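Student: Quick one: sequence plus predicted model below, questions after.
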Amino acid sequence: MFIFGNLFNAVAYILDTLLTIYMWIIIISALLSWVNPDPYNPIVRFLYAVTDPVLRPIRKRIGITMGIDISPMIVILVIMFLKYFVVSSLFDMGAKMR
């Protein structure tokens, strides 16, 4: 059973890393929206291409209240929930199978 324990630990570690990277991409994209960057810059295009599919449905549901877009905060809270619930559960399952 230790093989499955190692598998759960590996999946949890990779998922934790990916969620952390995506959270920082969301933060950078939100900060860039404050300074009005060049839309033809390849880095800006990449950031918007990666974050818009996740942020757009949230923006449609809640709208922009008082001129502030809170959809990045909601996505970050969901990412934190996934990290603390799903990733921690996978680490615990991996530890119990060893």
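Tutor: Arrived safely, thanks for sending. Not measured: the values here are computed from a predicted model. Numbering: from 1, shown residues only.
Student: can you map out the strands along the protein?
Tutor: Here the chain has no strands by DSSP state E.
Student: tell me what the longest helix seen in the chain is packed against?
Tutor: In the chain, taking DSSP state H as the definition, the longest helix is helix 2-32. Judged by 3 or more C-beta pairs under 8 Å, 6 or more residues apart in numbering; DSSP states H and E, the packing partners of helix 2-32 are helix 42-62, helix 71-82, helix 88-96. In this view, the C-beta of every residue, glycine as well, is placed from N, C-alpha and C.
Student: Tell me which of those lies nearest to residue 12.
Tutor: Smallest distance to residue 12 across these (C-beta to C-beta): 3.5 Å, for helix 88-96.
Student: Check the average confidence over the closest one, would you?
Tutor: Averaging pLDDT along helix 88-96 gives 89.
Student: Name the residues that touch that helix?
Tutor: 4, 5, 6, 7, 8, 9, 11, 12, 15 (C-beta atoms under 8 Å, 6 or more residues apart in numbering).
Student: From these, list just the buried residues.
Tutor: 8, 9, 11, 12, 15 (16 or more other C-beta atoms under 10 Å).
Student: Just send these back as CSV, with pLDDT too.
Tutor: Shown next, in CSV, are those (pLDDT from 0 to 100):
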residue, pLDDT
8, 90
9, 92
11, 93
12, 94
15, 95
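Student: Tabulate these (CSV), appending distance to residue 45.
Tutor: Shown next, in CSV, are the buried ones among the contacts of helix 88-96 (distance: C-beta to C-beta, whole Å):
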residue, distance to residue 45
8, 37
9, 36
11, 31
12, 32
15, 27
